[in-house]
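J.: curious how this folds, go ahead:
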Amino acid sequence: MHKLSLPEEPAATAIVYDDFARVDIRAGTVLTAEPFPQARKPSLRLTIDFGPGIGIRKSAAQITEHYSPEDLVGKVVMAVVNFPPRQIGPMRSEVLVLGFPDDEGRIVLASPDRRVPNGARLA
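T.: Coordinates of the predicted model:
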């Protein structure tokens, strides 16, 4: 069994709950995933359904080391939905899909371990 090393960086500066509550993290189901060759770093272009309150949003994610497009369709992911959109090459990335770096710095997606409705907010 491979033992993961512990991150050496300390926790971020303390915040109050109201700061955390301003970050809107929601669950959504990946509808489509495709290579995004126009991005500077290897990325995938995702279309994610966040339910009727938020709708369908797009994101560019640097997750090609662990995921192929076929792996992602139907997967529930977590994303920040209230950051301003960012222009990444020819597309507007509307949400920030969340993940953690593994021990080699490759991103592993954050995902609930049980099914939750599209649009469910992290509590």
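J.: next up, the contacts around the residue most central in space within the chain.
T.: Centroid check for the chain by CA atoms, centre = their mean gives V97 as the closest residue, at 1.5 Å. Applying CB atoms under 8 Å, 6 or more residues apart in numbering to V97 gives the contacts L46, I48, S59, A61, I63, V77, M78, A79, L109. Yep, even glycine has a C-beta here, placed from its N, CA and C like the rest.
J.: let me know the closest of those residues to S93.
T.: S93 lies nearest to S59 out of the contacts of V97, by CB to CB, at 5.1 Å.
J.: write down the beta-bridge partners of that closest one, one by one.
T.: On the basis of DSSP bridges, S59 is bridged to L46.
J.: offset the numbering so it begins at 282, please.
T.: Yes, from this point I'll number from 282; that puts the last item at S340.
J.: that one: neighbour count?
T.: 28 (other CB atoms under 10 Å).
J.: how much space separates it from R395?
T.: Counting by CB to CB, to the nearest Å, the separation of S340 from R395 is 23 Å.
J.: go on, G334?
T.: In terms of CB to CB, G334 sits 21 Å off from R395.
J.: who has more neighbours out of these two?
T.: The neighbour comparison of G334 against R395 (other CB under 10 Å) goes to G334, with 10 against 5.
J.: I figured that one hits N399, correct?
T.: No. Counting by CB atoms under 8 Å, N399 is not a contact partner of G334; they are 9.1 Å apart.
J.: this structure: helices as residue ranges?
T.: All helices of the chain, identified by DSSP state H, fall at 298-302, 350-353.
J.: which one of the ones you listed is the most hemmed in?
T.: helix 350-353 (a mean of 15; mean count of other CB atoms under 10 Å).
J.: show me what that helix is packed against.
T.: Identification of packing neighbours for helix 350-353 by 3 or more CB pairs under 8 Å, 6 or more residues apart in numbering; DSSP states H and E yields strand 306-316, strand 325-330.
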